[in-house]
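> turn this into a model:
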Amino acid sequence: MQYRSEIDGLRALAVVPVIFFHAGYEIFSGGFIGVDIFFVLSGFLITSIIMHDIQSNCFKLSDFYERRARRILPALFIMILVCIPFAWVTMLPTQMKDFSQSIVATNLFSSNILFWKETGYFAELAEAKPLLHTWSLAVEEQYYIIFPIMLSFIWSLTKRNLVWVLISLAVFSLFLSEWASHNYPESNFYLAPTRAWELLIGSVLGLTNIKHGTKNSDFLSVLGLASIIFSVITFDSSTRTPSMITCIPVFGTALIILFAGKKTYAAKLLSNKIFVGIGLISYSAYLWHQPIFAFMILKGISFNNSITLMVIFPVIGILSYLSWRLVETPFRNKKIISRYALIVTSLGFSIFFIFFGIAGHITEGYKFRYSKEIMSNWVSGTLSQDYELSTFSHAEAFSIIGIDPSSRWSSARVLRSSENIPSGYVLILGDSHAGHLGKGFAKVLVNERNKEVHILNSTGCKPLINHYMVWDLSRRSELPIQKACRDQVIAWEQFLRNNKEKYELVILSARWNEMVNNENYGNTKITERSLLSRHDELNQVRQFSLIDRIDKLRSGFLDTEKFFTELNLKGYLLTQPPVQIKDLRLGKSLEYFDRARPGRVIAKERHENLIKALVGANLTNSTVIRVLDSFSYFCPDKGSFCLNRDGNVGLYVDTNHLSPAGSERLGKIFLKHLNKN
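Next up is the predicted model:
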């Protein structure tokens, strides 16, 4: 295959937006489409190479897999090897266990499946996963395993219709991804069947290029560049990907491949030495950028400022160049590294990594690295999972509460004593902030009041009639999470109508403040990967003024109180605990927790916006829905900072969710409040 320098330039156009996107630059809000460009390029190059060998009657699967191994494995193995000691000294046991599992999955070409399974609100922090980016390598590797065999088989059956067969498969995969983007967005993002169309488009381009060559068209090639740049700038976390809209950068890439001949302006631009140089090291740059960002997050180091980034980018560049020069280049040369040496080295690294990963899983993240005192007093108090007095399967909980297990409810739990007949029933309703109450409310309501507690919660969905999360449906088509929450709140409304006489009390708990505030402090990158974040509504919240946001939340409170009055329900609304500056899952010392505390003044300023909505709805004086304001209990008047620990026991599990100890603290406060009323 003839070398095309503009292809290397196109690689640069793919990797730079990805890195800048992960660095947090808003102008690169759609930088994640760099991965889509890589998929198209992979399909194009692989098919071109395979077809050249097939037509020359010299294609061998063993040779193909050897080339792929030389290209992918050495630099990947070195990156993982370097990550291990950094993980050893920075990660908590739960994080180390997660990292160990990702090492095994990466070596088995299945990390995309692992990260798909881990996706969720309480999943370990996405940006703090050093190997998260290997999901795309796994997709490519799965394609490499299947595609050469499939291509050879189709070629042997019908040479003339090969292109049409690939186009048909691509169209099927594209429509599958469009459907999945609405119904199963996490699966759609990570799994190969909904990504295959991008690689297959590349394969069709390879066959087309072999037959017709590269054409010269300034208009079409520049249009291709414009399509990619447009996608990088305008796509964001609300963009469903992959889906039909992903055709914009994909076909932009296709136009460059087919029409950026040597004489075109696009080819001359992409063949610039800077673009080509970045393109040559693009694979190594992609490998190294994610671990660097992840370990900075694990150390609590902010990189959302220009000074830090001025250091990070050169480090990424130097490591990428060294990796390309000292690892990629030698291993791709058969004269320097023989096939035998490649096999022995690759097997040696793979066996070591798999054993290391399995051991990390078995030892619960090599928890022997920490003293018994730390493990018993600190880590367990911060990171332990929900506990329940009686344990039920998810389906059993649905059945006990009286809901069809096939419904769309995200979570249903029952907290009760197995010894006593309950004296009454209490319902906790809301988003994940309703879910985290089960950790402590079980003790106070079940043990001390002998109540049976039912928890119904759905991530990101607020328990407000008519105002669950959607701020402006007229702005664009309804997002998947918006539709899910709309359906969820309607289901909750019907459930309460059907059970209005059963529950003596309904507790509403949610992350209310995010409906009026941008809750990121702006000096950390401690957020879930925005592409997969289930809080897409925040992008819409920012389009309204603070006054409008408060007014909309006030309307939600008014409608909900009216609904409770209509059904003669009694309720409590719990305000949310203050958000921490740093994610406390990353903390291993008292000093880290102290640095993570928000100042009382700034926390109160944010909290006051919620209070304005509550006061505007007169909910602070309501006898239908009483308000328990948790702020003063976490941010006492005498202190300059809000609390996030009680001695050596953490009160939070991340930036905003309470630990079992924190939930129990709030539960005791709630019980005192309940006794007074």
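
> give me the domain ranges for the chain.
5-369, 385-676 (automatic domain parsing).

> okay, those in JSON lines with mean pLDDT and mean neighbour count next?
C-beta coordinates here come from the backbone N, C-alpha and C atoms, glycine included. Converted to JSON lines, the domains of the chain look like this (pLDDT from 0 to 100; neighbours: other CB atoms under 10 Å):
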{"stretch": "domain 5-369", "mean pLDDT": "90", "mean neighbour count": "19"}
{"stretch": "domain 385-676", "mean pLDDT": "78", "mean neighbour count": "19"}
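
> now the nearest residue to residue 503 once chain neighbours are set aside: which helix or strand?
Spatial nearest neighbour of residue 503, excluding adjacent residues (CB to CB, 6 or more residues apart in numbering): residue 427 at 4.6 Å. Assigned by DSSP states H and E, residue 427 belongs to strand 424-430.

> restricting to C-alpha, output that strand in PDB.
What follows is strand 424-430, C-alpha atoms only, in PDB (Å, rounded to 0.1, in the frame of the first residue of the first chain):
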ATOM      1  CA  GLY A 424     -46.200   1.100  59.500                       C
ATOM      2  CA  TYR A 425     -44.700   1.800  56.100                       C
ATOM      3  CA  VAL A 426     -42.500   4.700  55.000                       C
ATOM      4  CA  LEU A 427     -41.500   5.400  51.300                       C
ATOM      5  CA  ILE A 428     -38.300   7.100  50.300                       C
ATOM      6  CA  LEU A 429     -38.500   8.500  46.800                       C
ATOM      7  CA  GLY A 430     -36.000  10.300  44.500                       C
END
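
> parallel or antiparallel, list what pairs with that strand.
strand 451-457 (parallel), strand 503-509 (parallel) (DSSP bridges).

> can you put those strands in JSON lines and add distance to residue 608?
Converted to JSON lines, the strands paired with strand 424-430 look like this (distance: least, CB to CB, whole Å):
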{"stretch": "strand 451-457", "distance to residue 608": "26"}
{"stretch": "strand 503-509", "distance to residue 608": "19"}
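
> closest to residue 491 out of those strands?
Among the strands paired with strand 424-430, strand 451-457 comes nearest to residue 491, with 9.1 Å by CB to CB.

> how far out from the middle of the chain is the closest one?
28 Å (CA atoms, centre = their mean, to the nearest Å).

> equivalent analysis for stretch 265-284, please.
Using CA atoms, centre = their mean, the offset of stretch 265-284 from its chain centre is 30 Å.

> and stretch 78-87, by the same measure?
22 Å.

> run through who's touching it.
For stretch 78-87, the surrounding residues in contact (CB atoms under 8 Å, 6 or more residues apart in numbering) are 95-96, 99, 103, 106, 130-131, 287-288, 291, 295, 323, 327, 349, 353, 356.

> please repeat the previous calculation with a cut-off of 10 Å.
For stretch 78-87, contacts defined as CB atoms under 10 Å, 6 or more residues apart in numbering pick out 95-96, 98-100, 102-103, 106-107, 130-131, 133-134, 284, 286-288, 290-292, 294-295, 298-299, 319, 322-323, 326-328, 349, 352-353, 356-357, 360, 365-366.

> and the strands in the protein?
411-415, 424-430, 451-457, 503-509, 571-574, 625-628, 645-646, 649-650 (DSSP state E).

> can you list the strands that the last one pairs with?
Going back to what we said before, that points to strand 649-650. Counting by DSSP bridges, strand 649-650 is paired with strand 645-646 (antiparallel).

> so how far is the strand it pairs with off the chain centroid?
The answer for strand 645-646 is 29 Å, by CA atoms, centre = their mean.

> follow-up on the earlier one: among the strands paired with strand 424-430, which is nearest residue 630?
strand 503-509 (9.6 Å).

> with just CA atoms, put that closest one into PDB.
These are the backbone C-alpha positions of strand 503-509, laid out as PDB (Å, rounded to 0.1, in the frame of the first residue of the first chain):
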ATOM      1  CA  TYR A 503     -47.700   5.000  53.400                       C
ATOM      2  CA  GLU A 504     -47.900   7.100  56.500                       C
ATOM      3  CA  LEU A 505     -44.900   9.100  55.300                       C
ATOM      4  CA  VAL A 506     -43.200   9.800  52.000                       C
ATOM      5  CA  ILE A 507     -39.600  11.200  52.100                       C
ATOM      6  CA  LEU A 508     -38.400  13.100  49.100                       C
ATOM      7  CA  SER A 509     -34.700  13.200  48.700                       C
END
